[in-house]
Every structure is written in C-alpha cells, then in structure tokens.
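**Student:** Sequence plus the predicted model coming up.
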Amino acid sequence: MAEYQVIARKWRPQCFGDVVGQEHVVRTLENAIRQQRTAHAYLFVGPRGVGKTTLARIFAKAMNCLDPQNGEPCCRCESCRAIAEERSLDVMEVDAASRNTTGDMRELSEDVLTQPVSGRYKIYIIDEVHMLSKQAWNVLLKTVEEPPAHVKFIFATTEVHQVLPTIISRCQRFDLLPIPTRLIAERLRMICDAEHVSIHDDAINAIARAAEGGMRDAQSLLDQMIAFFSQDNGSPISGSQVLSLFGLTDRADLDALLQALLGNRPGEVVSIISKLSRKGKNLETLFDDLLGAVRAVQLCSILPDPGELLDEGPEVVERYRKLATLARPDTIQILLETIAPVGRVLHDALNKQIYLETILLKAMREAHAVRIDDLLARLNQLRTAGELRFLEQVPPAVATPPAVKLEPLTSAPGSEPQTQTQTVSASSACDTAAGGVPVSVSEEPESPSAVPGQEESELPAGKAAEAEYVAPPAPVEKTSVPEDEAPGGDSVSVEQEEVASLPESDGGTSVPEDETPVGDSVSVEQEEVSSLPGSDGGTSVPEATGATRADPALIPPPDDTETVALEVRPGRRRRKSIANDNPKALEDALKDPLVHEIVDLFSGKVVDIHR
C-alpha cells in the first residue's frame, strides 16, 4: 500500500500555468526564461502559503530544462523530473532557519565555485532568509553581489524588513499577494472533484474564507475536513459542519447583523451577537468578517463595479449591493470609521462579547445621529415650500420702547421760559440765625435758549423723543457741615434731593446754571442728579444742580412760568435704585470728575443712583 500524501504536496503546482493568483510574477519569470535574461539573484516576498517556494522550484526547473516550452518547463526531461523528485544535485534548497551561522554561509560561498553536475546552472534556493544573522549575511554579501556565471540565488522570506538593505538592492524583488477567496474556492472544487470528495459549495466557501489568502492553508483545511466529516455512506460535507469546526459565522447570520446595523436596531444587534457567542463562534473572527462586509457594502455604494476590488463571486456582490441600499453612504462611512480601529483592543479585551456589543452600539449611535447638514437641508426645504411664514408673526424677544414726547414750553408775557424750578428754603435752625425771618429762594437756571443753536420757544425734537419719565425727587440724606467750614462761622445743614436734569443732544451734558450770591447762613435743599439717556443711547451721568446760597434781598419774586410736563405713555415702569442690585454702577459713577466736584461743593457724598 502506497504512503498517503497530503493534498498540499500532491497538488503543488509543477509549472507556471498551475500557479494561482500570482500572474504578475509568473509573466515576468516566463519572459526572463523566454528571452534568456535571467538575473543572478531573486527575492520572493509574501505571506505564508502563497507560492514563494513553489515559484522558486518552477523557476529553477525552467532554467535547467532541456526543452523549455515558451518559458514553461517541459516537466518530462531528466532535469525536470529530478527537480520534482528533489534529487537533483544542481538545485539545492537551504533552510536559513537552521543553517544561519557564519560557518554555514562560508561553506556555501566555497561550494558555489564548483561547476554544476548535469544542468546549466547551479541554483541555491534559500528559504526564510530573514533568519540569517548579520554576520552570516556579511560572509555571503560578496558572493551574492558577484557570483560565478553558473550560479543563481533565489531567496524567499515572509519578513522582508529583517533582510539587510544591501542584500535587497542586489536582488530582483517580487512581492507575492494573498490569493483571492474566489480563486481558492475554484481550486478546492477542482481538487475535490478529482479526489471524488462530496462537499457542498458553502463548505468550500467557508474553507476558502478561513484560509485568509493562503492556498496551502486552504488545502490543509480541506484535508482536515475530509478526514473529520467524510463518511462511507457518501453524505456530503455541509457548510454548518465546517463553520462549527472553525468557529466561523454563517453568511445568513452576518447578513442579519449587517441589516440591523444599517437599520439602526440596537436590540437586534445585541441579540445576534449573544446568539453567536452561545454557539461558540470566535468573536474576533466575527469582527474581521463584519469589518470586511461593511467595507464591501461601502464599495458597492460608491463604485459602479466593485467586483474588481472584492474577492467574492457575483452572487455575494449582488447581496452587498442590496445591503448598500439600506443606508446612506455617509452612514456606512461612519460605521466603518468607528469599527475599524478597535480590532487590536478587542483582541486584548477580557470580555470580548461585551466589548463588541459596546463598540457596535456606539458606531450605530454616531452613524445614525442627526447632523447639522440634515437640519439645514430640512430648513431650506421648509423655507422654499413656504412653511416658515409663521416666523414673521412671532414677536421679537426684546420689544422696542415707544417714543416719549415732551409738551412744548409756553412763555408767559414778559417772562423767560424755564426748564425747572429749584427751591432753596431755610431750615428752622437757620431761621433763628437769620433774625427769625424765614427765607424762600426760587432760583432760575439758565434756560435752554441760552445754548447756542437752540430756540427759546420750545425744546428740540431730538430731546423730546429721548425724554423719559423721572420719579419725583425724594430726600435721601442730610449731611451736617462742620462749623469751621461754613461761611461766616454759622452752622449750615445741607439736604440733598434728586434733581432730574434734561439731557443735551450730545448724550447727557446738563445745561449750566447761574450761580446766585451767597448771603447769610441758610439751609440749602438740593436735588440729586438723574440724567436721562442722550440721543446717542448714552449712559446716565450725574450733573451739578448749580443751586447755591443766595441773598434774600437779591432774589426776584417768582413768576407764574410753567414747568416742563412730561407726557408718559401708560405702562411705563418707574425708574428705581440700582445701587443694591448693581454696585458696579455706583463705583463707576464715583469715578466721574463731575460727581466729585458736586460732592465737594456741598461737602456731601453720593448715596444712591436711580435709573
């Protein structure tokens, strides 16, 4: 009975035409053989199981073939058969993982000087060259750079970054790619038919997915499936059997998970992951499959023909196209951006199920959240349709106060118009000092007509529009002035009251008032300044009253002039003190030089501010 040979060795390609998925390397090597332009050193780079050693043997066979067929070895001559049976003395394979010392490389450098036995070239195939030490490479460096004419080197490695750059620069480098899943499935189907193995297509597709681009891995898995599930009654190997053995996820479960993600159904996503975890599925493999499926859906949503980039059959691509219609392209993009970076963290997570659920829920929340662009587009749509006209009827947040008018001043015959009257009365204590005669002084400040550019008959229109209601003056504080500071040595008591001064058109400067001569010691009652905003929306500025002590003999008798009457609309709120609510306003007022002059004039102090 002949010894059993595994599928990976039995079905190893023997010519360039049998190599799958490496067309770019095959075409270059065939042209080199056909044109007799072979280099002295080659470097094959790629992951495991993609055909590096296989291509090295086929290339060595083609270089020493006695009857090459258009760049292909004939596989019938003595040299081809000896290489295939691994008994050729001109083709030597060296395992750099075991022979990586400087002594081994020195021995090889001496061996290259001998001539080939029967072939044209003496070919050295050194596998896993990244295992050679730096000292071993230094011994072989000169030989690789300038070998004898009959010597060829073929290096193979999976870790090209560990190979010295000086070696790479002396070789022709070929990067072998992972084999597409579709090509692996086709080769497995051919092998099963030749071996008379009954197996379902979904089982073959599952094996091809589990191989992750390696043909040797796929053939080894197929060999394992045949030994594990093959029965004498001829029942075929099913896809569920393959999935249960490798912990892979069924296509139906993966599609259901994708539909839940794209449809924003968190409960369904958690249920599917929990069910797959109870079945013993590998959650890391599930994450990789899900990531690849989301990428495939994205490609189907943005490319007219994604089949060139997907390693899937036409049926799978069509299923991805249907899934791409369940969500917008930007939603799929956000899902992919959120899921892609967490693969390594999932590998190190203690509870992979909880972490995977959390990541997917977070990705769904971010992908399906309402975005500013959507709100702006909806508002523009409503505005275009005329559904936002009700906004014009909404009252403004801050209503503009109505204008307040001032009644025009009327002048009595033979008298000057007056803006306001100020009364200076003697207190009871000063009545005795003045000889027991009470004195009532009425002082008329300079009328608005004294200001340049003002009319004597009425106030300007700007002032009438800016005037507001002013609360009646109320006594605030009485301040006793020391006797030594009072004129004539008499004690004077000054009582301050609020004075409502009309603002000027420049934003709040009061009209100066005439000073009256000072007579005997009297008690002066003064009003506090409460200036109204000016035409420039100005700030309230306290102003001087100009009221001083006057000689009763020099005071003219009061006339029947009319005072200013303010017309206030109903509903206007009264001004009130803000010293308690806004102490900062009181501090700002005290910094005004005009306020300091008023306070020093009457030896008083600022107690409050009204607005």
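**Tutor:** Arrived safely. Numbering: from 1, shown residues only.

**Student:** Show me the chain divided up by domain.
**Tutor:** According to automatic domain parsing, the chain comprises the domains 7-175, 181-245, 247-367, 412-445+457-573.

**Student:** I'd like to know the average pLDDT value across the third one.
**Tutor:** Model confidence over domain 247-367, given as mean pLDDT, is 89.

**Student:** and the domains of the chain, which one's lowest on average pLDDT?
**Tutor:** domain 412-445+457-573 (a mean of 43).

**Student:** Roughly how far does Asp104 sit from Asn138?
**Tutor:** Distance of Asp104 to Asn138, given as C-beta to C-beta, to the nearest Å: 13 Å. For the C-beta atoms, the positions are set from N, CA and C on the backbone; glycine is no exception.

**Student:** Leu379: what secondary structure?
**Tutor:** Here Leu379 is recorded as helix under DSSP: H, G, I helix; E, B strand; the rest coil.

**Student:** count of neighbours near it?
**Tutor:** 12 (other C-beta atoms under 10 Å).

**Student:** And the helices in the stretch 151-300 of the chain?
**Tutor:** 165-168, 181-195, 201-211, 215-229, 239-246, 251-262, 266-278, 283-302 (DSSP state H, counting those that start in this stretch).

**Student:** Could you single out the most deeply buried of the ones you listed?
**Tutor:** Ranked by mean neighbour count, the helices of the stretch 151-300 of the chain are led by helix 201-211 with a mean of 22 (mean count of other C-beta atoms under 10 Å).

**Student:** which strands and helices sit next to it?
**Tutor:** On a contact count with 3 or more C-beta pairs under 8 Å, 6 or more residues apart in numbering; DSSP states H and E, helix 201-211 meets helix 181-195, helix 215-229, helix 239-246.

**Student:** contact partners of that helix?
**Tutor:** With contact meaning C-beta atoms under 8 Å, 6 or more residues apart in numbering, helix 201-211 is reached by 49, 181-182, 184-185, 188-189, 192, 217-218, 221-222, 225, 236-239, 241-243, 246, 248, 251, 289.

**Student:** got it, and stretch 281-290?
**Tutor:** Contacts for stretch 281-290 (C-beta under 8 Å, 6+ apart): 209, 246-249, 254, 257-258, 273, 276-277, 339, 343, 346-347, 352-353, 356.

**Student:** mind exporting stretch 327-339 as CSV, just the C-alpha atoms?
**Tutor:** Presented in CSV, the C-alpha positions along stretch 327-339 are these (Å, rounded to 0.1, in the frame of the first residue of the first chain):
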residue,chain,number,x,y,z
ALA,A,327,-28.4,53.3,4.4
ARG,A,328,-26.8,56.4,3.0
PRO,A,329,-23.1,56.3,2.0
ASP,A,330,-22.1,58.7,4.8
THR,A,331,-23.8,56.5,7.4
ILE,A,332,-21.8,53.5,6.1
GLN,A,333,-18.6,55.5,6.2
ILE,A,334,-19.1,56.5,9.8
LEU,A,335,-19.8,52.9,10.7
LEU,A,336,-16.6,51.8,9.1
GLU,A,337,-14.6,54.6,10.7
THR,A,338,-15.8,53.7,14.1
ILE,A,339,-15.4,49.9,13.9
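
**Student:** Give me the buried positions along that stretch.
**Tutor:** Buried residues in stretch 327-339, defined by neighbour count with 16 or more other C-beta atoms under 10 Å: Ala327, Thr331, Ile332, Gln333, Ile334, Leu335, Leu336, Thr338, Ile339.

**Student:** before we move on, what about stretch 300-319?
**Tutor:** Applying 16+ other C-beta under 10 Å to stretch 300-319 flags Cys300, Ser301, Pro306, Gly307, Leu310, Asp311, Glu312, Gly313, Val316, Val317, Arg319 as buried.

**Student:** a markdown table for the buried residues of stretch 327-339, including secondary structure and distance to Leu262?
**Tutor:** Formatted as a markdown table, those follow (DSSP: H, G, I helix; E, B strand; the rest coil; distance: C-beta to C-beta, whole Å):
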| residue | secondary structure | distance to Leu262 |
| --- | --- | --- |
| Ala327 | coil | 4 |
| Thr331 | helix | 7 |
| Ile332 | helix | 7 |
| Gln333 | helix | 12 |
| Ile334 | helix | 11 |
| Leu335 | helix | 8 |
| Leu336 | helix | 12 |
| Thr338 | helix | 14 |
| Ile339 | helix | 13 |
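
**Student:** between those, which is nearest Ala39?
**Tutor:** Nearest to Ala39, judged by C-beta to C-beta, of the buried residues of stretch 327-339 is Leu336 at 42.2 Å.

**Student:** ok, now how distant is the closest one from Leu291?
**Tutor:** The spacing between Leu336 and Leu291, counted by C-beta to C-beta, is 8 Å.

**Student:** And Ile33, by the same measure?
**Tutor:** According to C-beta to C-beta, Ile33 stands 41 Å off from Leu291.

**Student:** what's the neighbour count on the nearest residue to Ala84 once chain neighbours are set aside?
**Tutor:** Closest residue in space to Ala84, ignoring its immediate chain neighbours: Gln14 at 6.3 Å, by C-beta to C-beta, 6 or more residues apart in numbering. By other C-beta under 10 Å, the residues close to Gln14 number 18.

**Student:** any idea how far Ile125 is from Gln14?
**Tutor:** 16 Å.

**Student:** Likewise for Pro73?
**Tutor:** Computed as C-beta to C-beta, the Pro73 to Ile125 distance reads 15 Å.

**Student:** swap in Pro180?
**Tutor:** Distance of Pro180 to Ile125, given as C-beta to C-beta: 26 Å.

**Student:** okay, these two: which has more neighbours?
**Tutor:** Ile125 (22 against 16).

**Student:** three-state assignment of the more buried one?
**Tutor:** Ile125 ends up strand, using three-state DSSP.

**Student:** I'd assumed Leu55 was in contact with it.
**Tutor:** No - counting by C-beta atoms under 8 Å, Leu55 is not a contact partner of Ile125; they are 10.2 Å apart.

**Student:** sorry, back to before: would you list the buried residues of stretch 300-319 in CSV and tack on distance to Met63 and secondary structure?
**Tutor:** As requested, the buried residues of stretch 300-319 are exported to CSV (distance: C-beta to C-beta, whole Å; DSSP: H, G, I helix; E, B strand; the rest coil):
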residue, distance to Met63, secondary structure
Cys300, 45, helix
Ser301, 49, helix
Pro306, 40, helix
Gly307, 37, helix
Leu310, 37, coil
Asp311, 33, coil
Glu312, 38, coil
Gly313, 37, coil
Val316, 41, helix
Val317, 41, helix
Arg319, 46, helix
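
**Student:** Understood, closing this out.
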